[in-house]
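*Asks:* A structural model of the following input is requested.
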Amino acid sequence: MMPQVKKALILAAGLGTRMIPATRAVPKEMLPVVDRPLIQYAVEEAVAAGVEHVVFVVAEGKEAIAEHFGEHTRADAWAAASGNPDLARTIAAPAHLAHFDYAIQPEPRGIAHAVACARHLLEDEPFALIFPDDLILGARSCVAQLSDAYDQCGGSVLAVHEVAPADIPHYGVVDPAGAGNPMPLRGLVEKPALEDAPSSLGIVGRYILSPTIFRHIDTTPPGKNGEIQITDALARQIAAGEPVSGLAYEGVRYDTGRPLGYLVANVAAALQREDLAGPLAERLHSLLCATS
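*Replies:* Predicted coordinates:
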């Protein structure tokens, strides 16, 4: 029986340059989607998959993340003083979603380097890797779907979806070795030209990484801009004969790292809320009619 996935690594060390000036002082992961910070969606997705221990890789200036998931904040004190136990529980809820730890990435040297910064908290067991910029909404946690695929296949498992031809050069693209879902992979290419892409299946920011990933990161040389890429380490797993699979997940992915994707994600998340869907649909209809 495969070991269960009980840990998740959430990468939160980036500068959020595509969302400046909003992210000049506020971590991009703390920008709200409706009424929760983006990074809380990632934590809740992991917890829904049975994850109990969440590790964040952060950088200088990301202290707000630790405060949000910490205890005894100013908001907690205010809620306790209010005498409203429901309010106090709501404000304290993020701190009790999981056990939290933090690792520092001192400089931006690629995704694999960021993963290696948390090695001491993750080594010797499988773990989920989550990019919180990718908000995935669906009936079932994407991490839970990947965990099921890991139980079935072993080895590392990558979430993939169909990518429009114009977007292929912006993705890691997988090379399936056969049919099925999950599908075995014989290779993957980081941001290929359209004519060089082995398929139209792009990798999104959800993975289950098997414990050997650190050994392969250790032997992966830096690439462009001196960065160590996780796709290169995964390619080394494949070359070593280890199983690596792709899973076409169920759900819709929103790229919140760009202004348009962020706006669409807010609307999509709000339309899933019973308390907001009706009134928001009416407002959107009015706005669209006014601009048509």
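*Asks:* Can you classify residue 187 by secondary structure?
*Replies:* Here residue 187 is recorded as strand under DSSP: H, G, I helix; E, B strand; the rest coil.
*Asks:* ok, now how distant is it from residue 246?
*Replies:* 11 Å (CB to CB, to the nearest Å). For glycine as for every other residue, the C-beta is placed from the backbone atoms N, C-alpha and C.
*Asks:* One more: residue 236?
*Replies:* 17 Å.
*Asks:* in this structure, which spans are strands?
*Replies:* If DSSP state E is used as the criterion, the strands of the chain fall at 7-12, 32-33, 36-37, 53-58, 99-104, 127-130, 134-137, 156-162, 172-176, 183-190, 201-209, 244-248, 252-255.
*Asks:* Can you say which of those strands is packed in most?
*Replies:* strand 127-130 (a mean of 27; mean count of other CB atoms under 10 Å).
*Asks:* That one pairs with which strands, and in what direction?
*Replies:* Strands that pair with strand 127-130, judged by DSSP bridges, come out as strand 7-12 (parallel), strand 201-209 (antiparallel).
*Asks:* could the ones you listed be laid out in CSV, adding distance to residue 106?
*Replies:* Output for these, formatted as CSV (distance: least, CB to CB, whole Å):
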stretch, distance to residue 106
strand 7-12, 14
strand 201-209, 22
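*Asks:* closest one to residue 292 among these?
*Replies:* Closest approach to residue 292 among these (CB to CB): strand 201-209, 33.0 Å.
*Asks:* about what we covered before: export the strands of the chain to a markdown table and tack on distance to residue 277?
*Replies:* Listed next are the strands of the chain as a markdown table, based on distance: least, CB to CB, whole Å:
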| stretch | distance to residue 277 |
| --- | --- |
| strand 7-12 | 28 |
| strand 32-33 | 15 |
| strand 36-37 | 16 |
| strand 53-58 | 29 |
| strand 99-104 | 32 |
| strand 127-130 | 26 |
| strand 134-137 | 13 |
| strand 156-162 | 25 |
| strand 172-176 | 34 |
| strand 183-190 | 35 |
| strand 201-209 | 25 |
| strand 244-248 | 27 |
| strand 252-255 | 16 |
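*Asks:* nearest to residue 266, of the ones you listed?
*Replies:* strand 32-33 (5.5 Å).
*Asks:* Give the other helices and strands that that closest one contacts.
*Replies:* On a contact count with 3 or more CB pairs under 8 Å, 6 or more residues apart in numbering; DSSP states H and E, strand 32-33 meets helix 259-271.
*Asks:* tally of neighbours for residue 292?
*Replies:* 5 (other CB atoms under 10 Å).
*Asks:* next one: residue 46
*Replies:* 30.
*Asks:* That one: what's its closest spatial neighbour, skipping adjacent residues?
*Replies:* residue 8 (3.9 Å; CB to CB, 6 or more residues apart in numbering).
*Asks:* swap in residue 257?
*Replies:* Residue 257 sits nearest to residue 133 (CB to CB, 6+ apart), 4.0 Å away.
*Asks:* That neighbour and residue 238, how far apart?
*Replies:* In terms of CB to CB, residue 133 sits 25 Å off from residue 238.
*Asks:* So the two - more neighbours on which side?
*Replies:* Legend: neighbour count by other CB under 10 Å for residue 133 and residue 238, higher for residue 133 (26 against 20).
*Asks:* Could you check how many residues crowd around residue 82?
*Replies:* Other residues close to residue 82 by other CB under 10 Å number 11.
*Asks:* That should have said residue 122, apologies.
*Replies:* 23.
*Asks:* Output the top helix by length along the chain as PDB, nothing but the C-alphas.
*Replies:* Identified as the longest helix of the chain according to DSSP state H is helix 277-291. Output in PDB follows, covering the C-alpha atoms of helix 277-291 (Å, rounded to 0.1, in the frame of the first residue of the first chain):
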ATOM      1  CA  ALA A 277     -24.800  34.200  -6.900                       C
ATOM      2  CA  GLY A 278     -28.200  35.800  -7.500                       C
ATOM      3  CA  PRO A 279     -27.400  39.400  -6.600                       C
ATOM      4  CA  LEU A 280     -24.100  39.300  -8.500                       C
ATOM      5  CA  ALA A 281     -25.700  37.900 -11.600                       C
ATOM      6  CA  GLU A 282     -28.200  40.800 -11.600                       C
ATOM      7  CA  ARG A 283     -25.400  43.300 -11.200                       C
ATOM      8  CA  LEU A 284     -23.300  41.700 -13.900                       C
ATOM      9  CA  HIS A 285     -26.300  41.700 -16.200                       C
ATOM     10  CA  SER A 286     -26.900  45.400 -15.600                       C
ATOM     11  CA  LEU A 287     -23.200  46.200 -16.200                       C
ATOM     12  CA  LEU A 288     -23.100  44.300 -19.400                       C
ATOM     13  CA  CYS A 289     -26.200  45.900 -20.700                       C
ATOM     14  CA  ALA A 290     -24.800  49.300 -19.800                       C
ATOM     15  CA  THR A 291     -21.600  48.700 -21.800                       C
END
